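Enquirer: got a structure for you, letters missing:
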């Protein structure tokens, strides 16, 4: 059917067309994250950029529209011509491309950092704007993010959009393929209002996704004719990537079918946007993924802590916390809140922290100028109280505690730990010992009040 | 009979020559655990500092020592393999302390163990009849306290004077904080089972109970990973069926729905007093709080939803982690003024 006689393309009824939908603002949670996996799996997960995700998909044999990455606006016009060269014009006789900022933070579209362009000049304009302004979205905070890399992707016409993802369902302890025939922008809403539009297919833990399962899903989603095998191939490829690369989530959203053309009478099934998160704990066996880590996307203090094997999350309050164990660290925050205080951070020193790591932990806590008091709560199991005590003394010698310091030690080698603190009492003028968790929280909350 | 382990349980350590394996092998020995050997491939035929024999394979260790339980300290990349090796050697209780095991490994390992259990017991036998029980990974282990001999620190830092001659500690928890029902410190005459996803928060709960004169029958740290062995519900079932357990303290945290499932089980099946606590009431959504499984997302796994489910099931929930012991005492109907 000649292009001009086609019905009004979906693209003109519904923005955006391609290169990825403009997502509604809000947290960067994917469809699978929010709605479908109940309950969901989350592991410490490394994120990558969209262009890297596209490369992974493409290497796995999943067809994606032409695209190039650029890091200066001068490259934009050329990139536009490159990616649209083999593109069939849309119903309006135009060739479109999408320019997209490559940052992990969500809310790009609303911030003006995803732009549909019709000419090389528009591409150039969009690129200049994105590379010379900081992107401020609900997720970046008011200081915004510097954008250094853009993806310019061909804007293909969309006949229909689908959703495809694989993640781990912790309840069934299985990886599960989640698919919907109502992919695209309003996907979360669809899932809430129309849950029957969602197909779930568990992966065999040892065999992975089998072709019959992918076929079943493809037919349930309503693919027809030659689309079916294309969709099956994509699902199998996605499952292969998910398993080979230790993903916590592998998502294609949207997966699209292009309108029928002479070359593709049933349309073409293409992956437009993809998201992969990887299990941090498995990165040791994926050298290629380690290379994709982008430290500029991470909170500097959290990164610093991570390098020392500490688990640190910055929060808004004024009581710095140093605790061993994630559960106790959360519980300590809870106790502080119950006593009327507000925690400045979550910090789990773990079980194997060295004196140096403990000292670094204090540096990170005390670097936060909002901190008006510090609570150390240690219940030693693996963690030796003496190591914590020595870390406190080292921090006192090096930085000095000018703010109130409340210490509660219990567990492995506690006597030695208390002794170290007693012997160093001259260096620790603000130190108060606490007898238990409640006492510790009360003392530190009172000290900063 | 306490749960899963007792004074006669023979235990080996996989990864006995590693830094942590060695430290905690000593700690368990000093507590009084019948640790009978260890495994480090390539070091078979030697012995460790405590004089325990080291074997190349778990099979050799199990055959030579008669051990039925193992604690695993091997690095995360090898932990899945170590669990399967233990099951293959016929060890009934597999306690994986290792933190940071890839989730995909655990999906495969757990499926393999489930298949072995199913093959061994048939589909219709009660799940407590499992041939293999996995605790963890990323957990502090399991302890059945014994009466204190009056000697030893229970921690492995002092000379080897067993803290108890009738207990069993498999893991990294400080032994001395636990109380046996026959100890003078147990002023209430009650012993409770404790189950928790967190290590140190479990110690906190144990300590508070001990301070209030409440002993512990068995304490199980099930671990903070999303795919693991025993669940809260599995442990509640064990405690419910154990005549020496008079009450249950269940400590959960944000993320997943293990606690909700357990609460439903309590409502329908548990006759003993149950108290609980959920960590992470102040945790911001979308942030992973240290544990791989501890995250609130899409409104799922919040502390308030878990607390509501637990309260609806008649569980006495402590608002503050400083009051977990008191909540347990209340659930047991103990006069707090007396303790």
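Expert: Received, thanks. Quick caveat: nothing in here was measured; it's all calculated off a predicted structure. Numbering: from 1, shown residues only, chains lettered A, B, ... in the order given.
Enquirer: CA only for contacts and neighbour counts going forward, please
Expert: Noted.
Enquirer: tell me which element the residue nearest in space to the middle of chain B falls in.
Expert: Per Cα atoms, centre = their mean, the C-alpha nearest to the average position across chain B is that of residue B:220, at 2.3 Å. Per DSSP states H and E, residue B:220 falls inside strand B:215-221.
Enquirer: picking that back up, was I right about the residue nearest to the centre of chain B contacting residue B:143?
Expert: Yes: using Cα atoms under 8 Å, residue B:220 is in contact with residue B:143, at 6.7 Å.
Enquirer: follow-up on the earlier one: tell me the strands beside the strand holding residue B:220, with direction?
Expert: Here strand B:215-221 has these sheet partners by DSSP bridges: strand B:141-144 (antiparallel), strand B:191-196 (parallel).
Enquirer: what residues does that strand touch?
Expert: B:2-3, B:135-136, B:139-145, B:178-181, B:186, B:189-199, B:202, B:206, B:209, B:235, B:244-245 (Cα atoms under 8 Å, 6 or more residues apart in numbering or on different chains).
Enquirer: Put the buried members of the residues you listed into a PyMOL selection.
Expert: Applying 16 or more other Cα atoms under 10 Å in any protein chain shown to the contacts of strand B:215-221, the buried members can be selected in PyMOL as follows:
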select buried, chain B and resi 2+3+135+136+139+140+141+142+143+144+145+178+179+180+181+186+190+191+192+193+194+195+196+197+198+199+202+206+209+235+244+245
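Enquirer: ok, now which ones touch the closest residue to residue A:308 other than its chain neighbours?
Expert: Among residues not flanking residue A:308 along the chain, residue A:357 sits closest, at 5.6 Å (Cα to Cα, 6 or more residues apart in numbering or on different chains). Going by Cα under 8 Å, 6+ apart, residue A:357 touches A:308, A:309, A:310, A:349, A:391.
Enquirer: helix, strand or coil for residue A:357?
Expert: Assigned by DSSP: H, G, I helix; E, B strand; the rest coil, the conformation of residue A:357 is helix.
Enquirer: do residue B:94 as well
Expert: Quick answer, by three-state DSSP: residue B:94 is strand.
Enquirer: my guess is it contacts residue B:73, does it?
Expert: No: using Cα under 8 Å, residue B:94 is not in contact with residue B:73, being 11.3 Å away.
Enquirer: And the pLDDT at residue A:382?
Expert: Looking at residue A:382, its pLDDT reads 72.
Enquirer: so what's the residue lying closest to it once chain neighbours are set aside up against?
Expert: Of all residues not flanking residue A:382 in the chain, residue A:351 sits nearest, at 5.0 Å (Cα to Cα, 6+ apart). Counting by Cα under 8 Å, 6+ apart, residue A:351 touches A:324, A:325, A:381, A:382, A:383.
Enquirer: any chance of these in a markdown table, plus distance to residue A:54, secondary structure and neighbour count?
Expert: Shown next, in a markdown table, are the contacts of residue A:351 (distance: Cα to Cα, whole Å; DSSP: H, G, I helix; E, B strand; the rest coil; neighbours: other Cα atoms under 10 Å in any protein chain shown):
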| residue | distance to residue A:54 | secondary structure | neighbour count |
| --- | --- | --- | --- |
| A:324 | 39 | coil | 29 |
| A:325 | 37 | coil | 28 |
| A:381 | 45 | coil | 25 |
| A:382 | 43 | coil | 25 |
| A:383 | 43 | coil | 25 |
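Enquirer: how about the strands in chain B?
Expert: Here chain B has its strands, by DSSP state E, at B:10-14, B:34-39, B:54-55, B:69-72, B:93-96, B:133-135, B:141-144, B:168-171, B:191-196, B:215-221, B:247-253, B:274-279, B:316-317.
Enquirer: Quick one, which of the ones you listed gets closest to residue A:72.
Expert: The closest of the strands of chain B to residue A:72 is strand B:247-253. By Cα to Cα, the value is 46.7 Å.
Enquirer: What pairs with the closest one, parallel or antiparallel?
Expert: Looking at strand B:247-253 with DSSP bridges, its partner strands are strand B:191-196 (parallel), strand B:274-279 (parallel).
Enquirer: how about stretch A:339-352: buried residues?
Expert: For stretch A:339-352, by 16+ other Cα under 10 Å, it's A:339, A:341-352.
Enquirer: would you turn those residues into a markdown table with pLDDT and distance to residue A:178?
Expert: Conversion of these to a markdown table gives the following (pLDDT from 0 to 100; distance: Cα to Cα, whole Å):
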| residue | pLDDT | distance to residue A:178 |
| --- | --- | --- |
| A:339 | 94 | 44 |
| A:341 | 94 | 42 |
| A:342 | 94 | 39 |
| A:343 | 94 | 38 |
| A:344 | 93 | 38 |
| A:345 | 91 | 35 |
| A:346 | 90 | 33 |
| A:347 | 91 | 35 |
| A:348 | 90 | 34 |
| A:349 | 89 | 37 |
| A:350 | 81 | 35 |
| A:351 | 74 | 37 |
| A:352 | 74 | 38 |
